[in-house]
Each structure stands twice: as structure tokens, then as C-alpha cells.
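K.L.:
From the sequence below, what's the structure:
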Amino acid sequence: MNSFTIVFLFALTLSFSVQFWLARRHAAYVAKHRPEVPAAFKDTVSLEAHQKAADYTLEKSKLGDLDSILGVIFLLLLTLGGGINLAFEFWAAALDSPLLAGLAAVASVFLVMTALEIPTSVYQTFVIEEKFGFNKSTKQQFIKDQFLQLALGAAIGLPLLALILWVMDSIGSLWWLWAWAILMSFSLLMSWLFPTVIAPLFNKFTPMEDGSLKDRISGLLARCGFNSQGIFIMDGSKRSGHGNAYFTGLGNNKRIVFYDTLVKSLDDEELEAILAHELGHFKCKHTIKMLIATSIMTLISFAILGWLIDQPWFYTGLGVKLPSHAAALLLFMLVSSSFTFFMQPISAYFQRKFEFEADDFASNHAKAEKLISSLVKLYEENASTLTPDPLYSAFHYSHPPAAIRIANLEANIRTA
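P.N.:
Numbering: from 1, shown residues only. Coordinates of the predicted model:
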């Protein structure tokens with residue numbers, strides 16, 4: 001142990017304690033407001049639906065609390081408990097190449113972490129989601145998804161990790177700048193490939209059939225000046241009863257995607273309003289702004305790692321006896337969240353600000369009252385709580401709470 005060990009333990013304890021307190025506060029707030037539908041939704045949401053959303057939230061909160069506790073324990077076992085040190089010593093003895101040994105050590109740690117997350121996923125899918133009527137996935141589908149995700153992660157992640165480790169070992173003191181450029185270029189490439197190469201591995205995307213809905217959406221796209229490679233219906237119902245819509249991709253490879261569950265639950269004007277909101281993100285350049293913010297934060301992170309990598313106390317303070325660039329990268333990825341947790345409200349604030357701007361855009365290009373009715377249906381059908389704790393939502397919600405968001409849309413209607 002050294003001084004950094006104490007700093008790490010303090011940061012981990014503080015971030016975990018606040019996170020756990022916020023989760024308990026959120027659960028208590030939801031439970032307190034369970035008996036009655038909020039005034040803003042009395043005419044649109046039934047008491048049964050409201051209480052289902054509260055119960056669903058409380059069930060997920062309990063699982064989240066347990067997952068957080070186990071996550072902290074496992075992090076301590078990996079670091080101060082010597083797990084990472086053991087992995088690097090094992091692979092250093094087994095392989096002659098330092099690059100391959102580092103790659104194998106990092107991969108093995110992430111493989112163990114992935115395996116330990118499976119019980120949580122199983123419980124979430126086949127107990128909680130099943131209990132509330134959302135799960136549509138079979139055990140065979142779940143197992144197939146796990147293997148496909150693992151294979152895809154290995155096929156994409158291992159070459160990228162190997163390249164970054166090679167840069168760290170070979171380029172010199174400015175390796176972090178090259179590593180940042182590689183990672184951001186790779187992220188842009190994946191964003192471009194995702195709609196046509198990666199997403200179809202998991203779901204079937206069917207072009208929207210000609211008809212009134214497609215005509216309405218095509219008219220909206222023309223009014224907004226948005227070009228895409230097509231409008232697609234995704235078979236989300238083969239795994240879940242939840243509904244959603246999004247546009248994905250970059251440049252000339254953009255797609256508009258509706259979950260089939262969403263298409264079944266909303267009328268044409270409501271779907272148009274939902275899409276207008278998604279287009280608002282594009283027209284307000286939210287994607288570009290978030291990409292720039294992510295690029296800056298990633299650059300800062302790599303610069304910090306570029307300094308830490310030469311500090312012996314960074315390794316010894318986290319239980320690693322054999323310093324290496326691969327060990328530094330792994331340690332940084334695992335412990336950095338303990339130091340950045342209190343930055344979450346800043347990110348969440350700007351994300352909620354973007355949601356308001358997208359809603360305002362949608363109000364000008366579709367019917368605001370239809371966006372309201374579609375959101376209410378989505379809150380109800382997805383069992384999203386209408387009464388989140390304000391402080392918890394400030395940390396964790398990328399979207400404004402339901403009552404606040406709808407009040408903003410109603411204000412748009414009054415001023416139209």
C-alpha cells in the first residue's frame with residue numbers, strides 16, 4: 001500500500017456510497033408515490049399502470065444495488081486483492097512476447113468480468129422482465145446473443161487493443177496522442193458500419209412497406225431536409241416488449257429504425273412525432289456536439305494515462321508488482337469511474353438539454369400533442385416510472401423526467 005492506495009479507496013468508497021444512497025433514495029421516492037397517479041397523468045395513465053411501473057423500478061433497483069456491491073468487491077479483488085497482478089504474471093511466464101502477454105492478460109480479465117455479469121443478465125431477463133411481461137427472448141436466443149457478443153467483441157476488440165498496445169510500446173512519449181486518434185477513428189468507422197454490418201447480426205431489419213405511414217414519414221424527412229438510406233422496421237419483439245425508435249449511422253449510411261413493438265402501439269401521427277424528435281437531434285447537431293465532447297474527454301483521459309504510465313506508485317498502489325503499459329491501460333479503465341462519478345450530473349444536464357431542444361424541434365415539424373400522447377404511451381408500455389427522485393435523475397437520467405418533459409411540450413402548444 002502507498003498514498004495512492006488510500007486515495008483510490010477514498011474515491012471508491014465515496015463514489016459507491018453516494019451512488020448507493022442515491023439508489024436507495026430513488027427507490028424510497030418511487031415507493032412513496034406509488035399509491036397515486038401524479039396529477040399531470042391522472043387522465044391518461046391508469047393506477048394499475050402507474051403501480052406496475054413503480055414495482056418494475058423497485059425490482060430493477062434491488063438488482064442494481066446488489067450488482068453495485070458485487071462490482072465493488074470484484075474491483076477490489078482485481079486490484080488490491082492481486083487478481084490483475086496474477087493475470088499479468090501468469091501470461092508473462094507463458095508467452096515470450098510482452099505484447100501478446102499484455103494482450104492476453106487484459107483479454108482474460110475482461111473475459112472473467114463478462115462471465116460474472118451473465119447471472120445478472122439472466123436474472124434481469126428471465127425473472128424481472130418475465131415477471132412484468134416484457135421478456136420475449138428464449139433461453140436459446142439468450143445463449144446465442146451471449147456467444148455472438150463475445151465473438152464480435154473478440155473479433156473487433158482484440159485487434160484494436162493489440163494496435164493500441166503496440167503504439168504504447170513503440171511510438172514514444174506521445175503515444176497517447178496516436179492512441180486517441182486511432183480510437184476515435186475506429187469509433188467513427190464502427191458508427192458508419194453499425195447499421196449495415198453489425199446490427200443485422202442481432203436483428204432483422206425490414207424496409208417499411210409503402211402506405212400512409214411511409215408517406216407521412218417521407219414528407220417529414222423532406223420538410224426537415226434529412227436524407228437516409230431507408231426506413232426500417234426492427235424485430236425487437238423477438239427479445240422484448242419494450243418499444244423504441246432511433247436513427248443510426250454516419251454520412252451516407254444513415255438509417256431510420258422503428259421497433260415493431262412501437263409501430264403496433266402508436267398511430268401514424270404519433271410515430272411521425274417520435275421521428276421528428278429523433279430528427280431534432282440530428283438537425284440541432286447534438287450527435288456532432290456529443291462526438292466532440294467525447295473526443296475531448298477521451299483525449300484528456302489518454303493524456304492523464306500518458307503521465308500515470310511512468311509513475312511506479314500507480315501500479316503498486318493498485319496491487320500490480322510488474323509494471324507494463326498493458327497493466328496501466330487496464331488499471332486506468334477499471335478505476336477511472338471512481339474518480340469521475342461526480343461528473344455525471346454535468347453530462348446528464350447537457351443530454352437533458354438536448355432532449356428539450358429535440359422536443360422543441362418536433363413541436364415545430366409535427367403535432368406536439370401527438371408527441372405528448374406517444375410519450376405517455378411509451379412511459380406506460382415500458383413501465384417507466386413517472387415519479388423519479390429529482391436528485392437521482394440529475395445524476396442518472398439522460399432524458400427529463402416525464403412530468404417536466406410533458407410540461408415543456410404543453411408550453412409549446414400554448415405559445416404556438
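
K.L.:
which stretches of this protein have low pLDDT?
P.N.:
Of all residues in the chain, those with pLDDT under 70 make up the ranges 252, 416.

K.L.:
So which residues of it form strands?
P.N.:
Across the chain, reading from the start of the chain, the strands by DSSP state E fall at 205-207, 231-234, 245-248, 255-259.

K.L.:
hey, which of those is tucked in deepest?
P.N.:
Ranked by mean neighbour count, those are led by strand 255-259 with a mean of 22 (mean count of other CB atoms under 10 Å). Quick note: C-beta positions are derived from backbone N, CA and C, even for glycine.

K.L.:
So what are the sheet partners of that strand and their directions?
P.N.:
Counting by DSSP bridges, the strands paired with strand 255-259 are strand 231-234 (parallel), strand 245-248 (antiparallel).

K.L.:
How far does the last one sit from its chain's centre?
P.N.:
Mean-position distance between strand 245-248 and its chain equals 14 Å (CA atoms, centre = their mean, to the nearest Å).

K.L.:
ok, now the first one?
P.N.:
Here the centre of mass of C-alpha atoms in strand 231-234, compared against the chain's by CA atoms, centre = their mean, lies 21 Å away.

K.L.:
one step back: now the strands paired with strand 255-259 in a markdown table, with distance to Ala402?
P.N.:
As requested, the strands paired with strand 255-259 are arranged in a markdown table below (distance: least, CB to CB, whole Å):
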| stretch | distance to Ala402 |
| --- | --- |
| strand 231-234 | 25 |
| strand 245-248 | 17 |
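
K.L.:
Select, out of those, the one closest to Val122.
P.N.:
strand 231-234 (23.6 Å; CB to CB).

K.L.:
Provide the contact partners of the closest one at residue level.
P.N.:
Residues outside strand 231-234 that contact it (CB atoms under 8 Å, 6 or more residues apart in numbering): 203-208, 214, 217-218, 255-260, 263.

K.L.:
10 Å instead?
P.N.:
Residues lying outside strand 231-234 but in contact with it, judged by CB atoms under 10 Å, 6 or more residues apart in numbering, are 195, 199-200, 202-209, 213-214, 217-218, 221, 244-248, 255-263, 275.

K.L.:
could I get the strands of the chain as JSON lines with distance to Phe16?
P.N.:
Converted to JSON lines, the strands of the chain look like this (distance: least, CB to CB, whole Å):
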{"stretch": "strand 205-207", "distance to Phe16": "40"}
{"stretch": "strand 231-234", "distance to Phe16": "36"}
{"stretch": "strand 245-248", "distance to Phe16": "32"}
{"stretch": "strand 255-259", "distance to Phe16": "34"}
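
K.L.:
Ok, which of these comes nearest Ala31?
P.N.:
Evaluated over the strands of the chain, closeness to Ala31 peaks at strand 255-259, with 29.9 Å, by CB to CB.

K.L.:
Tell me which residues are up against that closest one.
P.N.:
By CB under 10 Å, 6+ apart, the residues outside strand 255-259 that reach it are 194-196, 199, 203, 205, 208, 213, 217, 221, 226, 228-237, 240-249, 265-266, 271, 274-275, 278-279.

K.L.:
Just the buried residues of those residues.
P.N.:
When those are checked for burial by 16 or more other CB atoms under 10 Å, the buried set is 194-195, 199, 203, 208, 213, 217, 221, 226, 228, 231-234, 236-237, 240-245, 247-249, 265-266, 271, 274-275, 278-279.
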